[in-house]
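>>> Got a sequence here, can you build the structure:
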Amino acid sequence: MTVFKGGICNETVTSLNLNSIEKVKSFVNDIVKYENDFDLVSGRNYVDAKSIMGIFAFDLSKPLQLNIHANDNCDEITKSLKNYLC
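Below is the predicted model of the structure:
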């Protein structure tokens, strides 16, 4: 689902699968290339998606929600994350 607010694209990818250490490392390496903000959400808890330690605070056996805060490169970002979608 994509929501536009004040010229900012807030895109939420609801079914992100990071169920292994290698997937977490690869995911973080993929998103640190972007200057955008990324949040991972599980229930009422959220962490900076660029933080490996923060990600490991979650139960990785369950899907996570990813919130992407981007101005202009939403399509490029979502294409780069296709390997992590459930």
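
>>> residue closest to the middle of this structure?
For the chain, residue 66 is the residue whose C-alpha lies nearest the centre (Cα atoms, centre = their mean; 3.7 Å).

>>> Quick check, that residue in contact with residue 36.
No. Using Cβ atoms under 8 Å, residue 66 is not in contact with residue 36; the gap is 11.4 Å. Just so you know, the C-beta spots here come from the backbone N, C-alpha and C atoms, and that holds for glycine as well.

>>> Now do the residue nearest to the centre of the chain, the pLDDT please.
On the pLDDT scale, residue 66 is placed at 91.

>>> Can you report phi and psi for it?
In terms of degrees, to the nearest 10, the main-chain angles of residue 66 are phi -110, psi 120.

>>> Please apply the same query to residue 67.
phi -100, psi 120.

>>> Kindly state the beta-bridge partners for it.
residue 12, residue 39 (DSSP bridges).

>>> gap between it and residue 35?
16 Å (Cβ to Cβ, to the nearest Å).

>>> what about the two, which has more around it?
residue 67 (17 against 8; other Cβ atoms under 10 Å).

>>> so that one makes contact with residue 36?
No. With contact defined as Cβ under 8 Å, residue 67 does not count as touching residue 36 (10.4 Å).

>>> Thanks again, I'm all set now.
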